[in-house]
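J.: what follows is a protein structure lacking sequence information:
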């Protein structure tokens with residue numbers, strides 16, 4: 001009762017009274033703005049050595065010793081693939097081949113074009129890939145030229161049995177094959193090298209060359225997730241809006257709830273990006289990892305959305321109950337905040353404390369998850385549920401219950417410390 005009277009009662013008065021409800025909403029979003037803007041240019045981190053390795057375990061120290069003491073050459077793999085139609089379209093190779101040339105000769109010439117393109121590309125040269133750093137059965141690395149004919153002795157190592165697929169190895173001067181440097185090189189191969197060496201006859205691919213690394217696989221997977229994410233998030237919000245609208249017979253309150261949930265979640269990711277991408281908390285011993293692990297947004301957004309909607313529904317259900325008892329909207333909001341605020345704050349505080357210790361993990365990917373959950377719950381409980389959600393319910397208040405019907409307001413909540421609050425039925 002003391003907490004209700006000294007904390008939640010004045011907060012409810014401010015959040016439900018004009019013009020303070022507009023001022024509180026504006027101040028909250030002004031505070032959110034830098035965090036929201038910070039997430040507009042995210043940097044997904046594909047380097048598992050910086051996100052999945054704990055610097056406090058002996059294995060990590062052993063990994064660093066081996067990496068620094070021994071010089072392991074970085075290796076990238078090009079996969080070459082051709083169809084037998086390549087033999088019938090020799091003019092596409094821009095090579096002096098006769099019509100009687102075999103498929104293997106055509107494949108050989110196409111593979112030579114790949115090696116020549118890579119060795120002559122300025123971006124590849126800047127990454128340390130020269131003519132001597134390309135290995136394959138169609139390329140003479142010693143002389144930096146196309147071999148006169150495929151090396152039959154190395155065929156099993158480089159070529160598939162049916163002769164339609166082949167491997168070519170590249171050795172750039174890059175120490176970390178998961179870092180930003182190799183990611184830029186992969187993007188260059190996707191945009192420039194691979195389209196340049198591809199051979200097509202209309203819509204039919206005759207020859208293609210693809211760069212393969214584990215990081216490239218993760219980058220392709222992240223692109224697929226990014227394309228699917230708006231559809232998944234949009235469908236989820238639509239379903240939630242329909243369920244809330246059906247439950248409370250109100251269309252616009254669902255939109256309000258999503259509005260007071262979605263933007264804070266974006267701000268939470270902005271804060272986490274600031275901590276692990278820009279090093280906002282390095283002074284506190286939380287190291288920057290170069291960005292959030294690329295799977296982090298996709299694996300945590302559902303939990304954050306569900307948790308925020310749960311607290312929001314808890315608050316509005318009591319507002320709706322009090323409004324149906326005849327209280328005016330402002331009184332219903334104030335009473336609901338006083339009645340549910342302590343319980344929501346207690347449950348949220350327990351979660352904040354629990355996730356704070358997860359945040360202190362020495363494994364960066366676990367620390368990132370703990371940071372999101374700890375800061376997300378704290379933001380939701382102490383800012384959104386205390387100030388933003390009640391104030392939003394007092395702006396365009398008639399929309400909270402439309403098109404449903406609520407009784408005309410006949411009661412007004414007047415706090416009296418000597419009397420208990422009316423109990424909800």
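T.: Yep, it's here. In this text, all values refer to a predicted model and were calculated from it rather than measured experimentally.
J.: tell me the helices in the stretch 101-250 of the chain, going along the chain?
T.: 103-120, 122-126, 155-158, 180-188, 194-197, 214-248 (DSSP state H, counting those that start in this stretch).
J.: so which of the ones you listed is nearest residue 264?
T.: Comparing these by their distance to residue 264 (CB to CB), the top pick is helix 214-248, with 14.1 Å. C-beta: built from backbone N, CA, C; applies to glycine.
J.: in the closest one, what's buried?
T.: 215-216, 218-219, 222, 225, 236-237, 240-241, 244-245, 248 (16 or more other CB atoms under 10 Å).
J.: distance from the chain centre to the helix or strand containing residue 344, please.
T.: Following DSSP states H and E, one finds residue 344 within helix 329-359. The chain centre lies 28 Å from the centre of helix 329-359; the measure is CA atoms, centre = their mean, to the nearest Å.
J.: show me the beta-bridge partners of residue 210.
T.: residue 79 (DSSP bridges).
J.: what sits against it?
T.: By CB atoms under 8 Å, 6 or more residues apart in numbering, residue 210 lies in contact with 78-79, 81, 194.
J.: before we move on, the earlier item: may I see the buried residues of the helix holding residue 344?
T.: So, applying 16+ other CB under 10 Å, buried residues of helix 329-359: 329-341, 344-345, 348, 351-352, 355-356, 358-359.
J.: tell me how many other residues crowd residue 303.
T.: Neighbour count for residue 303, taken as other CB atoms under 10 Å: 13.
J.: I'd say it and residue 373 touch.
T.: Yes - in this structure, residue 303 is within contact of residue 373 by CB atoms under 8 Å, at 7.4 Å.
J.: which stretches in the protein count as strands?
T.: Counting by DSSP state E, the segments of the chain that form strands are 76-82, 134-135, 139-140, 145-146, 165-170, 199-201, 204-212.
J.: for the residue most central in space within the chain, give me the pLDDT.
T.: With distances taken as CA atoms, centre = their mean, residue 297 lies nearest the centre of the chain, 3.3 Å away. For residue 297, the model assigns a pLDDT of 92.
J.: tell me what the helix holding residue 344 is packed against?
T.: With contacts taken as 3 or more CB pairs under 8 Å, 6 or more residues apart in numbering; DSSP states H and E, helix 329-359 sits against helix 9-16, helix 296-324, helix 364-379, helix 389-393.
J.: so of these, which one's packed in deepest?
T.: helix 389-393 (a mean of 27; mean count of other CB atoms under 10 Å).
J.: what does that helix rub up against?
T.: 11-12, 15-16, 20-22, 24-25, 28, 253, 256-257, 259-260, 312, 315-316, 319, 329, 333-334, 336-337, 400.
J.: run the chain-centre distance for that helix.
T.: 29 Å.
J.: any idea of the mean pLDDT in that helix?
T.: 87.
J.: dump the residue contacts of the closest residue to residue 374 other than its chain neighbours.
T.: Leaving aside its sequence neighbours, residue 374 sits nearest to residue 355 (CB to CB, 6 or more residues apart in numbering; 3.8 Å). Residue 355 is in contact with 370, 373-374, 377, counting by CB under 8 Å, 6+ apart.
J.: give me that answer again for 10 Å
T.: 369-378 (CB atoms under 10 Å, 6 or more residues apart in numbering).
J.: and those residues as CSV, adding distance to residue 121 and pLDDT?
T.: Converted to CSV, the contacts of residue 355 look like this (distance: CB to CB, whole Å; pLDDT from 0 to 100):
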residue, distance to residue 121, pLDDT
369, 40, 94
370, 43, 95
371, 40, 94
372, 40, 94
373, 44, 94
374, 46, 94
375, 44, 94
376, 44, 92
377, 49, 92
378, 49, 93
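J.: out of those, which comes closest to residue 308?
T.: The closest of the contacts of residue 355, once distances to residue 308 are taken by CB to CB, is residue 376, at 7.8 Å.
J.: how many neighbours does the closest residue to the closest one other than its chain neighbours have?
T.: In this structure, residue 376 finds its nearest non-sequential neighbour in residue 268, 4.3 Å apart by CB to CB, 6+ apart. Neighbour count for residue 268, taken as other CB under 10 Å: 28.
J.: run through the residues that contact residue 268.
T.: 32, 35-36, 39, 300-301, 304, 308, 371-380.
J.: likewise residue 132?
T.: Contacts of residue 132 by CB under 10 Å, 6+ apart are 119, 139-144, 171.
J.: next one, pLDDT for it please.
T.: Residue-level pLDDT assigned to residue 132 equals 89.
J.: any idea how far the residue nearest to residue 77 when sequence neighbours are not counted is from residue 386?
T.: In space, and not counting its chain neighbours, residue 77 is closest to residue 212: 4.7 Å by CB to CB, 6+ apart. Per CB to CB, to the nearest Å, residue 212 is found 51 Å from residue 386.
J.: these two - which one has more neighbours?
T.: Per other CB under 10 Å, whichever of residue 212 and residue 386 has more neighbours is residue 386, with 24 against 13.
J.: give the contact list for the more buried one.
T.: By CB under 10 Å, 6+ apart, the contact set of residue 386 is 7-8, 11-12, 14-15, 24, 28, 315, 337, 341, 344-345, 380.
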